[in-house]
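# Here is my input, please return the structure:
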Amino acid sequence: MDRVYNFSAGPATLPEEVLQRAREEMLDWHGSGMSVMEMSHRSKWFEEIIKQAEADLRELMNIPSNYKVLFLQGGAWTQFAMVPLNLMKKGKADYVNSGYWSKKAIGEARKFGKVNVVASSEDANFSYIPELYPETFSKDADYFYITTNNTIYGTRYTKLPDTGNVPLVADMSSNILSEVYDVTKFGLIFAGAQKNMGPAGVVVVIVREDLIAEVNPEVPTMLQYKVHAENNSLFNTPPCYSIYVCGLVFQWLKKLGGVPEMQKINEEKAKILYDFIDNSNMFKGTAKKEDRSLMNVTFITGNKDLDAKFVKEAEEHGLVNLKGHRSVGGMRASIYNAMPVEGVKKLVEFMKEFEARNKIEV
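Got it, this is the predicted structure:
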């Protein structure tokens, strides 16, 4: 069977070149005589893998030396708790509620301190990024929390809030490495790997050293950033194979020209799809135009039966995982870094053909 174009929101498509390389090295990684799945995380081989992965990520994102790069387990859900456990020193933080995942993060943070929700777009089912007004920010907050890209609703921040001396914390799970960010604008960035970096099982944390210099000793050992930083992400057995594949993706990105070049490709892909939707008589976007995501394109026909027919027939044409999240409905095309331009063009071709065949049902 030929490979399909996988528009899943995550776990998502991986670069074919990376999958080929992983296959070639499956049984014998660089003369070690074993798979990365089998080798000890204390071995010289895995030490080489994790060090190279960190070095390449630092290069790709221009991460300063006063930031730690951690490869951890537990996904973004664990980070919803780890962030307040480690950073909430005075017991107060500002959050922006821009979608499902920020709402979950707010719920976790409230277990550990006071949460000030400075803005929300829940009134319109999170179809836009709320306007932020500095006068609503807490000057004495421990940190200010945002979700840079909202996977379910197809929105993203096109400009970052100016939080002054309050550290900006960002969940970048669905758009890390897709566009250029100045890491120095953030106190902490975290991202689950399974959308733009690699397979599920590892979450990357990029955190400024001064923010984790001290931690309440009552915080469980495995939930202390300081412990993982001091042990170079090797305090316990990490998700070795997931880290290895992330490293291959980082190398693939570097060959491509890095994040600036990747951003150009992502903007091209998004434009192809949004331009068609905007000129279609059948399909309509669900996100406010100025806040549209480069990674997750959400759209509907306005007819649930027609939506279901579209998803079914698209799958028959090798365009899979296009069903939208239940809270939005319709369709969602996740066009992460590894989705080639050709895949987006094939999707648009099918959308044109589907619209032509189903005009009577619109």
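
# Go ahead and confirm Asn97 touches Val115.
No. Between Asn97 and Val115 there is no contact under Cβ atoms under 8 Å: 9.8 Å. C-beta: built from backbone N, CA, C; applies to glycine.

# Overlap in contacts, those two.
Ile106 (Cβ atoms under 8 Å, 6 or more residues apart in numbering).

# to the chain's geometric centre, what's the distance from stretch 220-228?
23 Å (Cα atoms, centre = their mean, to the nearest Å).

# what sits up against it?
Contacts for stretch 220-228 (Cβ under 8 Å, 6+ apart): 68, 70, 72, 78, 81-82, 85-86, 205, 207, 212-215, 235-236.

# residues in contact with Asn337?
Asn337 neighbours (Cβ under 8 Å, 6+ apart): Pro15, Leu177, Ser178, Asn196, Leu253, Met262, Ile265, Asn266.

# could the residues you listed go into CSV alongside pLDDT, secondary structure and neighbour count?
Below are the contacts of Asn337 laid out as CSV (pLDDT from 0 to 100; DSSP: H, G, I helix; E, B strand; the rest coil; neighbours: other Cβ atoms under 10 Å):
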residue, pLDDT, secondary structure, neighbour count
Pro15, 96, coil, 18
Leu177, 97, coil, 25
Ser178, 98, coil, 25
Asn196, 96, coil, 28
Leu253, 98, helix, 24
Met262, 98, helix, 20
Ile265, 98, helix, 18
Asn266, 98, helix, 24
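
# For those residues, could you give me CSV that also reports distance to Arg23?
Output for those, formatted as CSV (distance: Cβ to Cβ, whole Å):
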residue, distance to Arg23
Pro15, 13
Leu177, 23
Ser178, 25
Asn196, 21
Leu253, 19
Met262, 24
Ile265, 25
Asn266, 26
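
# which SS class is the residue lying closest to Gly192 once chain neighbours are set aside?
Excluding its sequence neighbours, the residue lying closest to Gly192 (Cβ to Cβ, 6 or more residues apart in numbering) is Ser173, at 4.3 Å. Of the three states, Ser173 takes coil under DSSP: H, G, I helix; E, B strand; the rest coil.

# what's around Ser173, how many residues?
26 (other Cβ atoms under 10 Å).

# and what of Ser233?
With other Cβ under 10 Å as criterion, Ser233 counts 22.

# ok, now the one 5 residues further on?
Neighbouring residues of Pro238 were enumerated by other Cβ under 10 Å; the total is 22.

# ditto for Thr136
Thr136 has 11 nearby residues by other Cβ under 10 Å.

# Brilliant, that's me finished.
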